[in-house]
Structure formats: structure tokens, C-alpha cells
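Enquirer: Coordinates for the following, if possible.
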Amino acid sequence: MTLGIASGETAHASLSPLRALTSEGMEAIERLRAAVKASGMKQTYIASQAGMTSSKLNKILNGRQVPTVPDFIAIAHAIKRDPAVFFSDGELVVELEDLRTVRASAQTIDAILGAYFPDTTASTLQRSTIVAQPKRAPSRRAQPLRAAASSNVELFPEVEKKRVTIPRDAWNRGARRTARAIGDSMSGPDGIEDGELVYLLPTRDSRKANGHIVVCSVGEAVYLKTLEIIGRNVRLLSINPVGHDPIRVERPEDLRMIGIMVGHRMPQR
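Expert: Predicted coordinates for the structure are as follows:
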């Protein structure tokens with residue numbers, strides 16, 4: 001069964017507890033790396049100022065080690081930057097109190113370093129203004145992509161103009177993308193009929209999706225099928241066996257997951 005795919009909503013990331021920076025803070029880490037490069041300072045000097053070894057700093061800057069918050073703050077201070085600046089450009093949504101905590105931590109560390117090195121001129125930090133921004137409720141409206149007719153050939157999807165609303169029950173189960181099923185390969189008892197909208201929990205993890213009805217692509221083909229993975233053997237299975245043989249994915253690395261189906265229904269006329 002071919003189908004269309006809809007752009008999902010981007011969930012707001014929040015700053016992790018101040019023990020380590022998790023994946024939601026990777027944008028801030030990338031900005032710190034760029035600032036280190038732009039500073040023109042030697043890494044050996046930055047490492048000494050940050051109180052860490054050159055090898056540790058090199059691992060952090062090359063993405064082989066995630067810095068803890070104290071590491072992050074120390075590196076920012078070493079290049080004479082305020083750590084809060086890297087979290088406040090609008091690309092990452094964080095809690096106001098978390099930003100204030102980071103900034104207070106930076107000031108505390110600055111004071112401690114000043115006590116240990118009284119003869120050193122205090123670093124001049126770029127002061128950032130922390131402004132509370134109202135959180136916007138994510139929209140449940142999405143625009144599906146409709147594919148062409150047959151289910152077992154490679155197809156180029158074309159965009160539909162009409163946006164649809166993801167039902168609240170599917171939204172609460174994690175649906176953030178939609179697709180329109182085309183054809184009868186997934187029809188049958190409790191199956192998906194031609195023209196139904198499919199609501200998807202986005203994922204790129206094929207192992208997590210194994211055994212579920214999924215939307216995925218192989219090359220230019222977009223499929224709505226049941227995913228079966230046994231070792232290195234990957235197949236896409238139809239509910240309706242008449243005229244719809246299993247599709248074998250010759251190279252598992254060519255499989256691109258889009259989402260797991262969490263609901264489906266015929267759109268209202």
C-alpha cells in the first residue's frame with residue numbers, strides 16, 4: 001500500500017538536570033565548539049584555563065565526549081564567554097529557572113577561580129539578558145503527502161494541499177505525522193482501507209518498529225506495511241495476501257523508518 005507522509009511537529013526540548021548535557025543540549029555544545037574555534041586561542045591554553053587535560057578538551061570539541069555542565073561552564077569561561085549565551089538564541093527552548101541556574105553556576109565558578117588566582121584579571125563576560133518566552137501549544141494540524149497508485153513499485157510522492165488534524169487520542173499516543181493509504185494491500189480484518197489517514201509515532205529505530213505496522217521508505221518507494229526483521233533479513237508484509245507478495249529489502253541499510261502507526265481512520269467528508 002502506498003501512502004503519503006506529513007511533516008511532523010517539532011517538540012520543544014528542555015534543559016536536562018545540571019549533571020550532564022543530554023542530546024537536547026547538543027545545539028548548545030555545537031555553538032560552544034564554534035565559539036572555541038572563533039576565539040583563536042590554542043587548545044592547550046583553553047584546557048589549562050578550564051582546568052582539564054588537552055586530550056579531554058580535544059575529545060569534547062571533536063564530539064567524542066559529552067561535557068558535564070561544570071566542563072561546559074569552565075570551557076566557556078576559558079574563552080571569556082558567558083555560558084548562558086549558548087542556551088539563549090531561540091533555537092533551544094529551555095526553562096527560565098534552568099537558565100538562571102546555569103548563569104548562577106557560572107558566576108560561582110568565576111568567583112572560586114578568582115579566589116585561587118587573585119593576581120589574574122577577572123574575566124569579562126558577555127552578559128546575556130534572560131527573558132521568559134510564553135510556550136506555544138503545538139498544532140495538531142499536519143499536511144500529508146500522497147503517493148501514486150500501486151503498492152509494490154517505487155513511487156515519487158506528490159504533495160496534497162489540504163491539511164488535516166491529528167485526532168486527540170492518536171496525538172496522546174505520540175502521533176505527530178500523517179499519511180494517506182492508497183491501494184488495498186493493507187485491507188482486511190482490522191486492516192487499513194484505501195484512502196484512510198494513518199497517524200504515526202515518528203521513529204528512526206527499525207528494531208523498535210519490528211513487528212508493527214509502519215511507514216518506511218526504500219529508495220524512492222514509500223510503503224505502509226508490517227515490518228519483519230529476522231537477523232539481517234528484512235521484509236515488508238501486507239495484510240491482504242491477494243496480489244501482494246512480501247517485499248524483501250535486499251540491503252537493510254537502505255530501509256529508512258518514518259513512523260509506527262498508532263491509529264487510522266477514514267477522513268471526514
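Enquirer: Residue 43 and residue 58 touch, don't they?
Expert: Yes: Residue 43 lies in contact with residue 58 (CB atoms under 8 Å); the separation is 6.4 Å. Heads up, the C-betas are built off the backbone N, CA and C, glycines and all.
Enquirer: Please identify the buried residues of the longest helix anywhere in the chain?
Expert: Taking DSSP state H as the criterion, the chain has its longest helix at helix 96-116. Neighbour counts over helix 96-116 (16 or more other CB atoms under 10 Å) mark 99, 101-103, 105-106, 109-110, 113 as buried.
Enquirer: what's the answer for stretch 248-264, then?
Expert: By 16+ other CB under 10 Å, the buried positions in stretch 248-264 come out as 249, 255, 257-264.
Enquirer: Same check on stretch 237-247?
Expert: 237-240, 244, 247.
Enquirer: Kindly report the same for stretch 210-221.
Expert: Under 16+ other CB under 10 Å, the buried positions of stretch 210-221 are 213-218, 221.
Enquirer: so can I have TSV of these showing pLDDT, distance to residue 195 and secondary structure?
Expert: Shown next, in TSV, are those (pLDDT from 0 to 100; distance: CB to CB, whole Å; DSSP: H, G, I helix; E, B strand; the rest coil):
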residue	pLDDT	distance to residue 195	secondary structure
213	92	17	strand
214	92	19	strand
215	88	16	strand
216	88	20	strand
217	85	21	strand
218	86	23	strand
221	82	20	strand
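Enquirer: Throw those residues into TSV and include distance to residue 165, thanks.
Expert: Output for the buried residues of stretch 210-221, formatted as TSV (distance: CB to CB, whole Å):
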residue	distance to residue 165
213	21
214	22
215	19
216	24
217	25
218	30
221	28
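Enquirer: ok, so of these, who is nearest residue 183?
Expert: When the buried residues of stretch 210-221 are compared for distance to residue 183 (CB to CB), residue 221 wins out at 12.6 Å.
Enquirer: The stretch 151-269 of the chain: strands as residue ranges?
Expert: With DSSP state E, counting those that start in this stretch as the criterion, the stretch 151-269 of the chain has strands at 158-159, 164-165, 177-182, 197-202, 213-218, 221-230, 233-237, 247-249, 255-265.
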